[in-house]
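[1] make a model of this:
(one chain, ligands or ions: 3)
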Amino acid sequence: MAVHNADIAAVFEQIADLLEIQGENPFRIRAYRNAARQMEAMGVPAADMVAKGEDLTELPGIGDDLAAKIEEIVATGTCKALEKLKQQVPATVAELLKLPGLGPKRVKTLYKELKIETTDDLAKALKGGKVRKLEGFGPKTEEAVAQALAAHAGEAQRFKLAVAAQYAEPLRDYLAKVGGVQHAVIAGSYRRAKETVGDLDLLVTARTAPVVMDKFVAYDEVARILAKGETRSTVVLKCGLQVDLRVVENVSFGAALHYFTGSKAHNIEIRRLGQKKGLKINEYGVFKGEKRVDGKTEESVFKSVGLPFIPPELRENRGEIEVAKAKKLPKLVEPKDLKGDLHTHTKATDGHHTLEEMAQAAKDHGFEYLAITEHSRRLTVAHGLDPARLRKQCDEIDELNSKLKGIQLLKGIEVDILEDGALDLPDDVLSELDLVVGAVHSKFNLPRAKQTKRILKAMDHKHFSILAHPSGRLLDTREPYDVDMLTIVRHARERGCFLELNAHPERLDLLDIHCQLARDEGVLVAISSDAHGIADFDNLRYGVGQARRGWLEAKDVLNSRSLKLLQPLLRRTIKT
Ligand code: DGT
Ligand code: CA
Ligand code: CA
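    Numbering: from 1, shown residues only. Ligands and ions are numbered 1, 2, ... in the order given. All right, here's what the predicted structure looks like:
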């Protein structure tokens, strides 16, 4: 049985959760969480590396101990450390951590005092009025927990795009190799590059559908078959991801691809346009009466309603049809437009490769420049830099730049924005840098006005260049903080600052609507990897997907500029 990176990540997350409930050392917990993220974000299957005998400790965040655990998980599907923890605390208890308002301490109390192991147990205890009597709980907390529980119940699990990709792409390639298959594509929200997908929608064209269906349900990763028909089937993979497969004839390919790419709201609008022209549009084609007149390609579907091809990332019925009608569709940014990366880490803090290794990887990625932006001293868990260590790194960068050919390193920092809006490092050292990326890493719960003011004040700083991951959200675990994004965007324009679109699969932050806002207000967006290792540059494809969802063109993107054009833009922010 193949063990996926996401499976390994799940084991590490569980270990971290259980350690957290036990009140273990935060550094140890963070190491597991980082390793989990590394696994999820990594393009290469760790199982393949193990099979080839490659050195796992080369990976960011992976030392000897974690490398041994990865090998164990690849071999057995689990690891002894986790099994041991599960004997102490049932794994279901960790589920409770996902409820807002329930931190590790409270979860531990619920488990120890009331033997609450599952969300069902919790619901019962809440009804019985037992929870409010516990130490550290009260009527107010009880209310908040009950609300969170109700919200949680209605929430189906969604998969992060990068995680879904680890399952979707091998399955697509497997189906593409089945005899008689012409096209095999992943449609749905996946093709629209949504940050998370509810399920996968695969579309295949083939001469004989039943053969494809037999192969599909026999796929190694299938855990359960929910439905199997001649042309449509649904399965659940072992990881819990549901997959719909549709098989159509080749003449219907474009119509089916358009239909299953969605979004539903976009489809409805296109069908309505068709109706006005006396056409019926469905997943089998474009019909005039009984006669199929179009639908072999997606272009032909759009053409039948008088529109040019609309890229999948725009198909949300958020104005794309009107803009297409007016022939004013944006020419969306593409991965090849990026000339460099403006947010990366090295071994000096919590990254896992040297300056030189990162520079070489960036060059191999086709980049002209690479900004090194370590954490600042406030972020002690990441071993953030103080002025002396930052200056030492700057010297190293100068020395390396004099040797390197074809890639230029830029001196930067990911400086913490403190609660009052001050930056975590003094002016004199910031003034020596090429760019200053500012980030909120603490006090996420400030009231809206205070949080906004904090960020505006940071941008007032004469050395501030780019606001990192502007909403602060983490897809699994943290809601965006409450800020007035319009005011922030306008302030950025006034101050000559930029916003980051952080491409880490768990962040994808700037949100799509805020990309549009930035573009409309004339503020450039930096699509940055936040790489902690050389493999992380691959995540930029998700960042570009998100930028496309936000209607951004190359000209709206800061790092589409060549170094020559970039430098004055950065300098302007530093000198004003
Ligand atoms: P998800 O799975 O929640 O991330 O989102 P989608 O967009 O992949 O939605 P899904 O899997 O329910 O359906 C895939 C596509 O199929 C959807 O984007 C559009 C199309 N579709 C589904 N149901 C309908 C429908 O009732 N009418 C129309 N016109 N299209 C539909
Ligand atoms: Ca779907
Ligand atoms: Ca579906």
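
[2] in this structure, which residue is closest to the centre?
    Of all residues in the chain, the one closest to the mean position by Cα atoms, centre = their mean is residue 505, 2.2 Å from it.

[3] chain neighbours aside, what residue packs nearest to that residue?
    Closest residue in space to residue 505, ignoring its immediate chain neighbours: residue 162 at 3.5 Å, by Cβ to Cβ, 6 or more residues apart in numbering. In this view, the C-beta of every residue, glycine as well, is placed from N, C-alpha and C.

[4] contact partners for the one you found?
    40-41, 505, 539, 542 (Cβ atoms under 8 Å, 6 or more residues apart in numbering).

[5] name the residues that touch the one helix or strand residue 210 maps to?
    Taking DSSP states H and E as the criterion, residue 210 maps to helix 209-217. With Cβ under 8 Å, 6+ apart as the test, helix 209-217 has contacts from 174-175, 178-181, 204, 206, 222, 225, 228-231, 233, 235, 245, 247.

[6] buried ones among those residues?
    Buried by 16 or more other Cβ atoms under 10 Å: 175, 178, 181, 204, 206, 222, 233, 235, 245, 247, out of the contacts of helix 209-217.

[7] tell me how far residue 335 lies from residue 366.
    Distance of residue 335 to residue 366, computed by Cβ to Cβ, to the nearest Å: 9 Å.

[8] ok, residue 534 next?
    Counting by Cβ to Cβ, the gap from residue 534 to residue 366 is 14 Å.

[9] what parts of the protein come near ligand 1?
    By the rule Cβ under 6 Å from any ligand atom, the part of the chain lying against ligand 1 is 188-189, 194, 197-199, 201, 259-260, 262-264, 267-268.

[10] those residues also near ligand 3: which ones?
    By Cβ under 5 Å from the ion, the members of the residues of the chain next to ligand 1 lying near ligand 3 are 199, 201.

[11] now go through the residues of the chain next to ligand 1 and say which are in helices.
    Mapping the residues of the chain next to ligand 1 onto helices (DSSP state H) picks out 188-189, 259-260, 264, 267-268.

[12] leaving out chain neighbours, which residue sits closest to the closest residue to ligand 2 within the stretch 151-300 of the chain?
    Of all residues in the stretch 151-300 of the chain, residue 188 sits closest to ligand 2, at 3.3 Å by Cβ to the ion. Excluding the flanking residues, the one nearest residue 188 by Cβ to Cβ, 6+ apart is residue 201, at 3.3 Å.

[13] list the residues that contact the residue nearest to residue 345 when sequence neighbours are not counted.
    Excluding its sequence neighbours, the residue lying closest to residue 345 (Cβ to Cβ, 6+ apart) is residue 351, at 3.3 Å. Taking Cβ under 8 Å, 6+ apart as the criterion, residue 351 is in contact with 60, 344-345, 358, 374, 531-533.

[14] in TSV, list the residues you listed along with secondary structure and pLDDT.
    Formatted as TSV, those follow (DSSP: H, G, I helix; E, B strand; the rest coil; pLDDT from 0 to 100):
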residue	secondary structure	pLDDT
60	coil	82
344	strand	98
345	coil	96
358	helix	97
374	strand	97
531	strand	95
532	coil	93
533	coil	92
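
[15] now the helices for the stretch 201-350 of the chain?
    Remark: helices assigned in the stretch 201-350 of the chain by DSSP state H, counting those that start in this stretch are 209-217, 253-261, 264-276, 298-304, 320-325.

[16] can I get whichever helix or strand residue 72 is part of in CSV, CA atoms only?
    Per DSSP H and E, residue 72 falls inside helix 64-76. The C-alpha trace of helix 64-76 is given here as CSV (Å, rounded to 0.1, in the frame of the first residue of the first chain):
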residue,chain,number,x,y,z
ASP,A,64,17.5,12.2,12.1
ASP,A,65,14.6,11.4,14.4
LEU,A,66,11.9,12.6,12.0
ALA,A,67,13.6,10.9,9.1
ALA,A,68,13.5,7.6,11.0
LYS,A,69,9.8,8.2,11.7
ILE,A,70,9.1,8.9,8.1
GLU,A,71,10.7,5.6,7.1
GLU,A,72,8.7,3.8,9.7
ILE,A,73,5.5,5.4,8.5
VAL,A,74,6.3,4.5,4.9
ALA,A,75,6.9,0.9,5.9
THR,A,76,4.0,0.4,8.4
